[in-house]
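A.B. asks: here's my sequence, what's the structure:
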Amino acid sequence: MRATSISQFRKNIASEVDQVVDSGEPLIVTRTGGKKPVLIIPLDQAGEWDETAYLLSSPKNAARLREAIREANAGGGMIRELIEE
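C.D. replies: Numbers count the residues shown, from 1 in each chain. You can find the predicted model right below:
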């Protein structure tokens, strides 16, 4: 993930936004004075981030998802054919 300062972002806003949209790579914009940084992402990715945050918002569900990912990465799980109607 790339990062830039707010000053550099202001100077190059059009090209920075174009690069985020073209590459799909989020951009962190840092700010001075102890202000929190912001994240610039393409709009079509915003829904994905919202869905991920929702799925991880419950500690119990987050633990289940992390365990399933560990299991899949370790070669566990089953491959199944989807039933199309």
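
A.B. asks: contacting residues for the residue nearest the centre of the chain?
C.D. replies: The structure's the chain has its C-alpha centroid closest to Trp49; by C-alpha atoms, centre = their mean the separation is 5.2 Å. Going by C-beta atoms under 8 Å, 6 or more residues apart in numbering, Trp49 touches Ile41. From N, CA and C alone the C-beta is placed, and that goes for glycine too.

A.B. asks: if I look at it, how far off is Asn12?
C.D. replies: With distances taken as C-beta to C-beta, to the nearest Å, Trp49 is found 24 Å from Asn12.

A.B. asks: Leu65 too?
C.D. replies: 38 Å.

A.B. asks: ok, Glu25 next?
C.D. replies: 15 Å.

A.B. asks: likewise Leu43?
C.D. replies: On the measure of C-beta to C-beta, Leu43 and Asn12 end up 20 Å apart.

A.B. asks: with neighbour numbers in mind, choose between these two.
C.D. replies: Shown here are Leu43 and Asn12; by other C-beta atoms under 10 Å, Asn12 has more neighbours (13 against 7).

A.B. asks: next, the contact list for the closest residue to that one other than its chain neighbours, please.
C.D. replies: Nearest in space to Asn12, with sequence neighbours left out and distances taken as C-beta to C-beta, 6 or more residues apart in numbering, is Thr4 at 7.9 Å. Neighbouring residues of Thr4 by C-beta under 8 Å, 6+ apart: 12, 16, 27-30.

A.B. asks: with those residues in mind, which one is nearest to Pro59?
C.D. replies: Closest approach to Pro59 among these (C-beta to C-beta): Ile28, at 26.7 Å.

A.B. asks: give me phi/psi at that closest one?
C.D. replies: As for Ile28, its main-chain torsions (degrees, to the nearest 10) stand at phi -90, psi 130.
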